[in-house]
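Q: coordinates only, sequence not included:
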């Protein structure tokens, strides 16, 4: 049957079953109906070949069986319902935080869009925008109700110390991405300021006591898991002891096996929740310690100082806000796990009737369960000690009752198997065992769910690992592993709850993987390959020749020039095709530098008038002008005889000056 046609037929069956369940007032989800339909298709009693097309009679029979099973309230159907609901409800703390942030972003989208797109011009518009920012910070921080006046006043006062209303104009002009970043940073700053004020008893009284609440919730969750696991362990030991002793009636055996599967599946659920609770305890204790240290550092920074720079306190306030958000994420996860634990405790209450009577207990089976659940017990005592601040006690180790096996202890071992011993294998305790760590031999031989004893040894088959409860069981599995695996898959077909518990989905994904006529079972193999970081292409040509002379020789052989006639034709452009190279010396760089200094100068005229003093009247002699001008070269000119020139320039020399001196 084609995949598309099979899918449409299965959808129609699920729809029909859902309608019938509604008529019978059965509250069943579509996921549960889908799981029950898969179980019916795999059930050998239905005699349905998945490779053939489903007839109308097959579809009617499947619908009738599924409705009957869902109406019966059988413990096997309850196990399947619990598996489906747990897979839909249980998420890791990281996934819960991602979902919470996504939902918060959807809630804040409209409010933040109004802030980012605001265009304020009047004072009233600026005040309205500031109130929107305060409301946005309150909703995102979840540190009080936005309708509480006290909370609004505290938040507004904290915001004004970081972003005064006068600076809103600058905030509006920023790009959208910068606004979003600054709004997130403002929220962290306001959270840090309010937390510091609460530590100083100056406000923050409406902030929920998150550290105290988380301490109580984590302690309660750890205690609940520990108590429920111990109770279910007693129930599982009781059922396994009765099954290993042997039950004559087949109906009683099937009932014990179904109850054992249900109880052990609940243990697996509690183990998954316990892992997340332990991680949350570690995060909470570390965050609580950092929060106290940062607050103390802030006290030291701010105390006895009139003013402190923002570069010193703002980063510390942001750190306080970030740590508080981490605590909020842990609180959200713990709240979801608390609801899940309440639901699981209600389901586990169905086994209280077993504890009211006399319970059977085998020493070896109980020892195997104690080893299997030792991590839960150690984590419980460790978590309680960390939350209370006490010293962490040392881990308690359960002593196995049987010695380990060696290669010589196996009379026969399949070639596909390899024995791993505890003393010779690194991280032996961390090796994951198939089938949820259960013994396949005990399940096949007695129908009992008993954890495998890792200390006996682990058998490796490809990339999967198997263990056994007893030494004989490990030897039997080593001799015929395919036979036991085939039988486990057959039991999973008959009891669909085993498929989810033992993780048999890879074996049942295709009908061709399992062959009922043979003992071979197709085991899924995990393989990997590493690609080269910088691949280098390799192309080896055997005919490649690097020697140029050999290439010439080969060319001559191919040309066979002995019987060839050489001819050529000269064209106009053929001479340009030849490759020519010419090397010349570049011209020598030559320079010439010249300089010419030239100037002109004129002589400075200097004259002397003689005869201005002396006798006056008729005896007076007329005055004379003597020229004392030097030549351009600085040499005195030859004096000429003085002439009587009353109004003109006269040339004279030393004689003139001497004569004047004598007269004087």
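A: Looks like it arrived, so ask away. Keep in mind that what you see is a predicted model, and the values were worked out from it rather than measured. Numbering: from 1, shown residues only.

Q: got the contact list for the nearest residue to residue 145 once chain neighbours are set aside?
A: In space, and not counting its chain neighbours, residue 145 is closest to residue 151: 6.1 Å by C-beta to C-beta, 6 or more residues apart in numbering. Every C-beta, even on glycine, is put in place using the N, C-alpha and C of the backbone. For residue 151, the contacting residues are 138, 143, 144, 145, 206, by C-beta atoms under 8 Å, 6 or more residues apart in numbering.

Q: any idea how far residue 185 is from residue 151?
A: 21 Å (C-beta to C-beta, to the nearest Å).

Q: Quick one, grab the pLDDT at the nearest residue to residue 422 once chain neighbours are set aside.
A: Spatial nearest neighbour of residue 422, excluding adjacent residues (C-beta to C-beta, 6+ apart): residue 428 at 4.7 Å. pLDDT, the model's per-residue confidence, is 86 for residue 428.

Q: Could you confirm residue 609 falls within a strand?
A: Yes: judged by DSSP: H, G, I helix; E, B strand; the rest coil, residue 609 forms part of a strand.

Q: Roughly how far does it sit from residue 615?
A: With C-beta to C-beta as the criterion, residue 609 and residue 615 are 17 Å apart.

Q: now the chain, which segments are flagged as low pLDDT?
A: Residues of the chain meeting the criterion pLDDT under 70: 1-4, 304-307, 509-527, 566-567, 570, 572-580, 632-664.

Q: ranges for the strands of it?
A: 417-420, 458-461, 464-466, 607-610, 624-627 (DSSP state E).

Q: Specify the stretch among these that is closest to residue 432.
A: strand 464-466 (6.7 Å; C-beta to C-beta).

Q: tell me what that closest one is packed against?
A: strand 458-461 (3 or more C-beta pairs under 8 Å, 6 or more residues apart in numbering; DSSP states H and E).

Q: Contacts for the strand it packs on next, please.
A: 416-420, 425, 428, 431, 433, 465-467, 474, 477-478, 481, 523.

Q: That one pairs with which strands, parallel or anti?
A: Next to strand 458-461 in the sheet, as set by DSSP bridges, lie strand 417-420 (antiparallel), strand 464-466 (antiparallel).

Q: Quickly compare those strands and say which is most buried.
A: strand 464-466 (a mean of 20; mean count of other C-beta atoms under 10 Å).

Q: how close does the nearest residue to residue 36 once chain neighbours are set aside get to residue 72?
A: With C-beta to C-beta, 6+ apart as the criterion, residue 36 has its nearest non-adjacent residue at 4.8 Å, and that residue is residue 66. Distance, residue 66 to residue 72, by C-beta to C-beta: 11 Å.

Q: Also residue 362?
A: Residue 362 is 31 Å from residue 72, by C-beta to C-beta.

Q: Between the two, tell me which one has more neighbours.
A: residue 362 (16 against 10; other C-beta atoms under 10 Å).

Q: what about residue 589, how many neighbours?
A: 5.

Q: Same check on residue 453?
A: As a burial measure, residue 453 scores 26 neighbours (other C-beta under 10 Å).

Q: Pretty sure it sits against residue 400.
A: Yes: counting by C-beta atoms under 8 Å, residue 453 sits close enough to residue 400 to count as a contact (6.1 Å).

Q: list residues touching both of the two?
A: Joint contacts of residue 453 and residue 400 (C-beta under 8 Å, 6+ apart) are residue 371.

Q: roughly how far apart are the residue sitting nearest the centre point of the chain and residue 333?
A: Note on the chain: the residue nearest the mean C-alpha position is residue 94, at 10.0 Å, using C-alpha atoms, centre = their mean. As judged by C-beta to C-beta, residue 94 and residue 333 stand 9 Å apart.

Q: Run a quick neighbour tally on residue 197.
A: That count, for residue 197 with other C-beta under 10 Å as the rule, works out to 17.

Q: My guess is it contacts residue 154. True?
A: Yes: using C-beta under 8 Å, residue 197 is in contact with residue 154, at 7.3 Å.

Q: Spit out the residues that contact these two alike.
A: Common neighbours of residue 197 and residue 154 (C-beta under 8 Å, 6+ apart) are 203, 204.
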